[in-house]
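Novice: here you go, sequence then predicted model.
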Amino acid sequence: MEKKLNGQVAIITGSSRGIGAACAKEMAKAGATVIINYPSAKSKETADKVVSDIHKESGKASGIQCDVSKEAEVIEMFRKVVEQYGTVDILVNNAGLQRDASFTDMTLEDWNFVIGVNLTGQFLCAREAIKEFLRRGKTDLSKAIGKIICMSSVHEVIPWAGHVNYAASKGGVMLMMKSLAQEFAPKKIRINSIAPGAIKTSINEDAWDTKEDVQKLLKLIPQKRIGVVEDVAKAAVWLASDDADYVNGTTLFVDGGMTLYPGFEDNG
């Protein structure tokens, strides 16, 4: 694999499993030193496994615990990474979760918990990353002085009843990303989003763990296959590389066509 990210340092939040872990592994293959972020001690074992897998492939990785919804912890994470590795070149704002409920049953705690990680967490990490990009300035490793990839969802545009907090968080990510890209493009910072559709991960296993569920899900996907984490991870490597240097402020949908309104395949 071409080392398109050679020598760069990448923080991938929420990367002890799923899409985040896949992004970390692909970026390590592309030559980046990757920081595997995990939220609590409960996730340390799985994070250590990702680090070990990367080391077995001769990649560079280390783990760091940080709850991205907590400002002090985010600031400390960036401080430690800069202290150990000198700087940060790439941030993949991947940490995210769901706490689903019908709207009238949704508690304020449910709302704040999801918004806190999915949106506030991305704000806090992006802020610290941009501060570091501006402090360090231009290097010979990339045409941009820094790259941020915000992990969004097809639900930044597709309403999702029963998941209002999640959909609102992803809609917020979309406009936060675009606003930051507009503000910092003149400083040669590239900020984009990836919006996965149906991807096989543990967070949505109940949507594809039986043959009946798979067939129901495939009705929403024109390409007629469920995505895998590597589909997203390879897109993330491209967005972080100089191959995407003129891509700024956009959402790349990795969804097999889910946002193509498949209900209209037969003329509605």
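Specialist: Structure received. Numbering: from 1, shown residues only.
Novice: just the helices in the stretch 1-150 of the chain please.
Specialist: If you assign secondary structure with DSSP state H, counting those that start in this stretch, the helices in the stretch 1-150 of the chain sit at 18-29, 44-56, 71-85, 108-115, 121-136.
Novice: run the angle between the lengthiest strand in the chain and helix 121-136 for me.
Specialist: Longest among the strand segments of the chain by residue count, using DSSP state E, is strand 189-196. Strand 189-196 and helix 121-136 meet at an angle of 150 degrees, taking axes from the mean of the first three to the mean of the last three CA atoms, to 10 degrees as the criterion.
Novice: strand 189-196: what's the following helix or strand?
Specialist: Once the chain leaves strand 189-196, the next helix or strand it forms, by DSSP states H and E, is helix 211-218.
Novice: helix or strand right after that next one?
Specialist: Towards the C-terminus, the helix or strand next in line after helix 211-218, according to DSSP H and E, is helix 229-240.
Novice: in that next one, what's buried?
Specialist: Along helix 229-240, the positions that meet the burial threshold by neighbour count (16 or more other CB atoms under 10 Å) are Val229, Asp231, Val232, Ala233, Lys234, Ala235, Ala236, Val237, Trp238, Leu239, Ala240. No exception for glycine: its C-beta is placed from N, CA and C like everyone else's.
Novice: tally of neighbours for Leu108?
Specialist: For Leu108, the tally of surrounding residues (other CB atoms under 10 Å) stands at 7.
Novice: could you measure from the nearest residue to Ala21 once chain neighbours are set aside over to Glu73?
Specialist: Excluding its sequence neighbours, the residue lying closest to Ala21 (CB to CB, 6 or more residues apart in numbering) is Val50, at 4.8 Å. Summarising the geometry, the distance separating Val50 from Glu73, computed by CB to CB, to the nearest Å, is 20 Å.
Novice: also Ala32?
Specialist: When distance is defined by CB to CB, Ala32 is 23 Å away from Glu73.
Novice: neighbour count: those two, which is higher?
Specialist: Neighbour count, other CB under 10 Å: between Ala32 and Glu73, Ala32 has more, with 28 against 15.
Novice: tell me the phi and psi of the more buried one?
Specialist: When read as degrees, to the nearest 10, the backbone of Ala32 gives phi -80, psi 150.
Novice: contacting residues for the closest residue to it other than its chain neighbours?
Specialist: Counting by CB to CB, 6+ apart, the nearest residue to Ala32 once its immediate chain neighbours are dropped is Leu5, at 4.0 Å. Contacts for Leu5 were tallied using CB atoms under 8 Å, 6 or more residues apart in numbering; they are Met27, Ala30, Gly31, Ala32, Asp89, Ile90, Val237, Ala240, Ser241.
Novice: isn't the fourth one right next to Gln8, touching?
Specialist: Yes: in this structure Ala32 lies within contact range of Gln8 using CB atoms under 8 Å: 4.9 Å.
Novice: now the common contact residues for the two.
Specialist: With contacts taken as CB under 8 Å, 6+ apart, Ala32 and Gln8 have Asp89, Ile90, Ala240 as neighbours in common.
Novice: pick out whichever of the buried residues of helix 229-240 sits closest to Lys42.
Specialist: Val229 (20.8 Å; CB to CB).
Novice: ok, and the closest non-adjacent residue to that closest one?
Specialist: Leaving aside its sequence neighbours, Val229 is closest to Ala22 (3.6 Å, by CB to CB, 6+ apart).
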